[in-house]
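[1] no sequence for this one, just the structure:
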């Protein structure tokens, strides 16, 4: 927590501890402080205080807003359109709410750099039954900024009519001279959690969401701003707190600390962002230069200043995390082996980029150039060491039950021979790699090793049942400029067995 | 917040700030601290750590538990049975969830001292379609303990069969020798928020709820324990946090502080409770002795040690709060004039006790006998002064639009003449008091003044439209041993106009 927030929290424990709905003096004092905090936060968001409520977390704000905004529009439609790279809380809320109300949930694809595909977004909105669109302001895993202004334009221009095929609709879609419509016929919910305090807040939204812990405030505070005129129908047991928009008591000390932290962030935002941008640019350039077989992830320019993400081919994300942790660096990963679900990050998956060996760095507010220099100096050897180790060894400490391979290993692009020969079955124009029961990155390591053994134009079949293989084999093929042909089930080898087909191109 | 909790929170900001789901060392450290906190809290509750999850507030715990436990039993039934004096969050959650799932919500009446009527509770459970019963461990407004063991017995013995009229059901209800049934055929949700840290926790429950701020912990932490084997079907956008029982990130520093506070409370619980019991007994006795026309509210013995509540006839609750606040005492009230809804506390209403002039005292942990002595010395003059003031004057500062009476006033049982004569219309055996547009306690003050003017056996009609009059005229009649005859609408005087009939008995 930011020192300013900490100080504000401690002061509030003495001065703002009471229930702000009470009439005695401590309650009135808490109410006064809460009002001031609301004004401060609303001002940063570009919202009115009476549009701004506090929730118990960013997740809570998301759940409440998705449910209430969809319910509020359920006469018009019940479909929820989101980007495919929203925070999982948005995706869960959209799927849950749409199912509950009998609507659908459309996830709109993104480009390889993580930007919403506007053509697909427009198409999704045009179905005529859309109640709500959710587009994040910036991605929390790869830092890519979304084209919110364009998304807003599309939401504003989209026909509300449930019969978009009528002649009037295409005309109104294309003609900017058509009569002025009510603001945002399809309401746009913008999750700005990853961005608030880091870059200027978005201007165009029907509802805006933030999370205090992301801007250096305490855990336990979310913020939800809903533009006046936006339909909002509570979908939970209501009470009188926060204008009926967030149930339960307001955590006044934490809200005061959150407001103090946000103010502090805003005061130094430009300076810190410029510093972070320099550091991230250096990390992106240096990692690409000094670490072989690495993919730098996310948009090169339209990005958050403080997040940088890359994936190291032929390395396990968990092993990288562990090795970096040992060296004193706390990083995250979107690799499947670091998640209890065994599936890779849905963000990396939607972008179609490599998911294994993934490293995500979020720069702390007070990081120095020296910190970054040290990291950049240490990283190449750490990656090399992880690659040199058998993936089976690094995987064995993970909590989910794992099937490990005895000795598969890889070192950069130069593969040492393995103790057990790679099982292959030759056919006229294909070779099969049996990687069933093996977890990523092993299927990709085997594929990379094997592809030079088949003639150019031949197709390799990789049998795998690790869900991450679906993403990684395709992503690897694109990185290496081979052709990803497709996949097919292999029922005789089990329910989850899939054959992935890759054609050698060079 | 308790100093121990404050210290734990500050330590956790340095040591337990990270996301406990992260693999780097700060995340693992946070996970370790969180596990320890969970064990500590579970031990106090008499639960297993894997039965215990943390939520963002007591309200959140209530909302989640009511929804998930009802949904989990929806094949058996969808009715939710609660006491009428549950916390409003429970009542809201029960009404909302029952409506959403197409079930009903039965509120079981309580005695004048606030105890659940066990006959009515048994009857409510016997409908055969009950999914969930909710009974608080102790009331948060009047301190009355509920007979949880008896409620548990009834839940355990209640037939699950949807056809309770079959011959087998009454037999199984009455025969303790019938084959052992699965534990608690009707799950019992016990809200122990007002009691944890004050008295020994309840032993019998299917799910148990607490709120850290009530035991001296920080705001923003609720606890929900669900006994193994209890059906629990998430009714919200799910994630992996807290075993899928509470969505969103865990606020680790606040949870650590909550656990530290609960441990501290438990260590001194008996000592503090004994001290508080003495003080409350003194307050109850002294207030009854020194303040005329006062009703002490709540059960005399089966009660929380630290809460004491009384109502002062012919006084406005808001005026009392303001006057006490000015004298340095921060108290609450269940009177309608202190709530933005204009209805009196549903707890006082369910108990059928006077709601106006209500004062609720919750003893702070470190209160001294001297504090209580000073309060008891100050109180009689404060009540007398409030009674001497015109209620209209005290009401005029309230925020909702008010209709004020020019000069109605009362001083104890001795009413000074008012400037405007009380409008009455005489009939053979009745007198009508027109108190339309006047807020409590004025209708009761007029009734008290008028009743001696009619013959014994005559009936007075009080016309009123303040919802609090429904409760207060009846409660006053019972206190004064007159007969409350009933009520009837007076459509010619407006939609909300009601005539309350009281017969003079002495």
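    Good, I have the coordinates. Note that the structure is predicted; figures quoted are calculated from it, not measured.
[2] Which secondary structure element is home to residue A:220?
    Assigned by DSSP states H and E, residue A:220 belongs to no helix or strand.
[3] ok, now which ones touch it?
    Listed by CB atoms under 8 Å, 6 or more residues apart in numbering or on different chains, the contact partners of residue A:220 are A:56-57, A:212-213, A:251, A:254, B:56, B:219-220, B:251, B:254. Glycine gets a C-beta too; all of them are placed from N, C-alpha and C.
[4] what residues does the stretch 151-300 of chain A put near chain B?
    Contact residues (CB under 8 Å from any CB of the partner chain) of the stretch 151-300 of chain A with chain B: A:213, A:218-220, A:236-240, A:247-249, A:251-254.
[5] Closest one of those residues to residue A:368?
    residue A:213 (22.9 Å; CB to CB).
[6] Was I right to think the closest one contacts residue A:219?
    Yes - using CB atoms under 8 Å, residue A:213 is in contact with residue A:219, at 4.7 Å.
[7] Can you give me the end-to-end span of stretch A:212-223?
    End-to-end span of stretch A:212-223 (CA to CA, to the nearest Å): 8 Å.
[8] Please state the offset of that stretch from the chain centre?
    Its chain's C-alpha centre and that of stretch A:212-223 lie 18 Å apart, by CA atoms, centre = their mean, to the nearest Å.
[9] Now the common contact residues for residue A:213 and residue A:219.
    Taking CB under 8 Å, 6+ apart as the criterion, residue A:213 and residue A:219 both touch residue B:249.
[10] Specify which residue of these two has the higher count of neighbours.
    Counted by other CB atoms under 10 Å in any protein chain shown, residue A:213 and residue A:219 do not tie: residue A:219 has more neighbours, with 27 against 23.
[11] Which residue comes closest to that one once chain neighbours are left out?
    residue B:251 (4.0 Å; CB to CB, 6 or more residues apart in numbering or on different chains).
[12] what about that neighbour, neighbour count?
    Counted with other CB under 10 Å, the neighbours of residue B:251 add up to 27.
[13] Which residues lie in contact with it in this structure?
    By CB under 8 Å, 6+ apart, the residues touching residue B:251 are A:57, A:218-220, B:54, B:56, B:220-221.
[14] repeat that for 6 Å
    Counting by CB atoms under 6 Å, 6 or more residues apart in numbering or on different chains, residue B:251 makes contact with A:219-220, B:220.
[15] List the buried residues of whatever helix or strand residue A:272 lives in.
    Assignment of secondary structure by DSSP H and E places residue A:272 within helix A:252-290. Buried residues in helix A:252-290, counted by 16 or more other CB atoms under 10 Å in any protein chain shown: A:252-266, A:269, A:272-273, A:275-277, A:279-280, A:283-284, A:286-287.
[16] Could you check how far residue A:485 is from residue A:491?
    Residue A:485 sits 19 Å away from residue A:491 when distances are taken as CB to CB, to the nearest Å.
[17] The two: which is more packed in?
    residue A:485 (15 against 8).
[18] For the more buried one, which three-state class applies?
    When classified by DSSP: H, G, I helix; E, B strand; the rest coil, residue A:485 comes out as strand.
[19] Hmm, it is touching residue A:503, no?
    Yes - using CB atoms under 6 Å, residue A:485 is in contact with residue A:503, at 5.5 Å.
[20] any idea where the strands of the stretch 301-450 of chain A begin and end?
    Using DSSP state E, counting those that start in this stretch, the strands of the stretch 301-450 of chain A run over A:307-312, A:358-362, A:424-426, A:430-435.
[21] Could you save those strands as TSV and add columns showing distance to chain B, mean neighbour count and mean pLDDT?
    Below are those laid out as TSV (distance: least, CB to the nearest CB, whole Å; neighbours: other CB atoms under 10 Å in any protein chain shown; pLDDT from 0 to 100):
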stretch	distance to chain B	mean neighbour count	mean pLDDT
strand A:307-312	15	27	96
strand A:358-362	11	25	95
strand A:424-426	35	13	46
strand A:430-435	25	21	88
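[22] between those strands, which one is nearest to residue A:388?
    So among the strands of the stretch 301-450 of chain A, strand A:307-312 is nearest, using CB to CB, at 12.5 Å.
[23] Where does pLDDT dip in chain A?
    Within chain A, the ranges that satisfy pLDDT under 70 run A:158-184, A:338-342, A:390-430.
[24] ranges for the helices of it?
    For chain A, the helices defined by DSSP state H occupy A:3-15, A:25-45, A:58-72, A:88-101, A:118-125, A:148-157, A:168-174, A:252-290, A:317-326, A:346-351, A:369-388, A:391-395, A:442-451, A:467-480.
[25] Please identify the deepest-packed of those helices.
    Most buried of the helices of chain A, by mean neighbour count (mean count of other CB atoms under 10 Å in any protein chain shown): helix A:58-72, with a mean of 27.
[26] so what's residue A:87 up against?
    With contact taken as CB under 6 Å, 6+ apart, residue A:87 is in contact with A:140, A:191.
[27] One more pass at 8 Å, please.
    For residue A:87, the contacting residues are A:58, A:62, A:136, A:140, A:191, A:193, by CB under 8 Å, 6+ apart.
[28] Surely residue A:290 touches residue A:381?
    No - assessed by CB under 8 Å, residue A:290 is found out of contact with residue A:381, at 9.8 Å.
[29] and residue A:482, how many neighbours?
    21.
[30] Actually, residue A:291.
    Residues near residue A:291, counting by other CB under 10 Å, number 24.
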